[in-house]
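Participant: pasted the sequence and its predicted model underneath.
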Amino acid sequence: MKKIIAGLIAGVLAFSLTACGKKSDDSNKIKIAYLPITHSLAVLETADEFAEKTGLQVELVKYGSWNELMDALNSGRVDGASVLIELAMKSKEQGIGLKAVALGHIDGNVIITSNDIQSAEDLKGKTIAIPHRQSSHNILLNDALAMAGLTIDDINVTELTPTEMPSALASGQIDGYCVAEPFGAKAVSLNAGKVLFKSEELWENSLCCGLVLTDKFIENNTDNAKAFVDSYKQAGKNLTKEKTLETAEKYLSQEKEVLELSLQWISYDNLDITEDDYNILIEKVKSYGLSENPPLYADFVKNDF
Ligand code: ZN
């Protein structure tokens, strides 16, 4: 597909093209799927900055669950996504052409428990929620249990959607959870639970979400993909605390005090995926039973735009 001169799309025109949809201008547009969580703020920030700088347009497509988002990514209805990296690894393992081109964020996860749980040992026999088996939240929970010599078999694990978790904890249906933010901060602000562990206390340089692009998009739009990834990494650097809160308030329907608390736990300033950190993820994915055959760094991570 030939590159069309960037200046063709001005803001108003871009909006109307989004509305009616079609292919003649797709080479000036990149469709990115996301969930409204703090973990996707770098991509949301990029969308704001990108058109201004390059004339290319990011069309953000919001989803309500990881499964819906993965359907769109796997079937090529979007060009990329900010997504749990384990879900993308699983798709890659199953033959879908995807590349992880950057981290979604640095740190930014917490394990939230009811106020009576004081230590990893106290998790024994409890019911803990995660969003998906293929997630760093599952890994972090396994890491916490390992600190006390426990395994996932010593607790009850349940999968819930992020929005259900704070109220499930408040009602006593579950004893804790680990999930994308700001849903951990939400329970703290409701006084329904507390932070038992921050992710960096369990797993230094943890990976969680990644910016993932389809091989098809990278092959057909290499220059645009490079411009987008460069802009994305720069947007991460631009996310100062103030800017992060502003972007979060714009895109996430959450109270300011919840966002302010949650944003203390996360940063975005260096979103490169290093081979060392990825290899630690591979070990954890294997040892905790998420996958027996995760994709290798060389096959799945693209750092060489
Ligand atoms: Zn994440």
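Facilitator: Perfect, thanks for sending it.
Participant: residues of this protein that sit close to the ion?
Facilitator: 39, 208-209 (CB under 5 Å from the ion). The C-beta positions use only the backbone N, C-alpha and C, and glycine is treated the same way.
Participant: who wins for most neighbours among the residues you listed?
Facilitator: Of all the residues of the chain next to the ion, the highest neighbour tally under other CB atoms under 10 Å goes to Cys209, namely 31 neighbours.
Participant: show the pLDDT at it.
Facilitator: pLDDT for Cys209: 98.
Participant: pretty sure Ser206 sits against Asn109.
Facilitator: Yes: the pair Ser206 / Asn109 is scored as a contact, 7.1 Å apart, by CB atoms under 8 Å.
Participant: compare those two (neighbour count), which wins?
Facilitator: Taking other CB under 10 Å, Ser206 and Asn109 do not tie; Asn109 has more neighbours (28 against 22).
Participant: ok, back up a step: would you turn the residues of the chain next to the ion into JSON lines with secondary structure?
Facilitator: Shown next, in JSON lines, are the residues of the chain next to the ion (DSSP: H, G, I helix; E, B strand; the rest coil):
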{"residue": "His39", "secondary structure": "helix"}
{"residue": "Cys208", "secondary structure": "coil"}
{"residue": "Cys209", "secondary structure": "strand"}
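Participant: which of those residues lies closest to Leu69?
Facilitator: Comparing the residues of the chain next to the ion against Leu69 with CB to CB places Cys209 closest, at 11.1 Å.
Participant: how close does the residue nearest to that closest one when sequence neighbours are not counted sit to Ser231?
Facilitator: Among residues not flanking Cys209 along the chain, Gly104 sits closest, at 2.8 Å (CB to CB, 6 or more residues apart in numbering). Remark: distance between Gly104 and Ser231 (CB to CB, to the nearest Å) = 15 Å.
Participant: all strands of the stretch 101-250 of the chain, in order?
Facilitator: Ranges of strands in the stretch 101-250 of the chain, per DSSP state E, counting those that start in this stretch, are 106-107, 110-113, 127-130, 156-159, 176-178, 194-198, 209-214.
Participant: list the contacts of the last one.
Facilitator: It refers to strand 209-214. With contact meaning CB atoms under 8 Å, 6 or more residues apart in numbering, strand 209-214 is reached by 39-40, 42-43, 73, 76, 78-85, 88, 97-105, 180, 225, 228-229, 232, 271, 273, 302.
Participant: tell me the secondary structure for Leu60?
Facilitator: Going by three-state DSSP, the state assigned to Leu60 is strand.
Participant: for it, give me its contacts.
Facilitator: Contacts of Leu60 by CB under 8 Å, 6+ apart are 32, 34, 43-44, 47.
Participant: and the end-to-end length of stretch 148-162?
Facilitator: For stretch 148-162, the first-to-last residue distance is 26 Å (CA to CA, to the nearest Å).
Participant: scratch that, stretch 287-305 is what I was asking about
Facilitator: 32 Å.
Participant: Lys237 reaches Asp269, doesn't it?
Facilitator: Yes: between Lys237 and Asp269 a contact is recorded at 5.4 Å, counting by CB under 8 Å.
Participant: which neighbours do those two have in common?
Facilitator: Common contact partners of Lys237 and Asp269 (CB under 8 Å, 6+ apart): none.
Participant: what bridges to the residue nearest the centre of the chain?
Facilitator: The centroid of the chain falls nearest to Cys209 when counting by CA atoms, centre = their mean (3.1 Å). Listed beta-bridge partners, Cys209: Leu84 (assigned using DSSP bridges).
Participant: Ala72: how many residues sit nearby?
Facilitator: By other CB under 10 Å, 15 other residues sit near Ala72.
Participant: repeat that for Thr240.
Facilitator: Neighbour count for Thr240, taken as other CB under 10 Å: 11.
Participant: now it: how far from Leu41?
Facilitator: From Thr240 over to Leu41 (counting by CB to CB), the distance is 12 Å.
Participant: over to Ile85?
Facilitator: Taking CB to CB as the measure, Ile85 falls 16 Å from Leu41.
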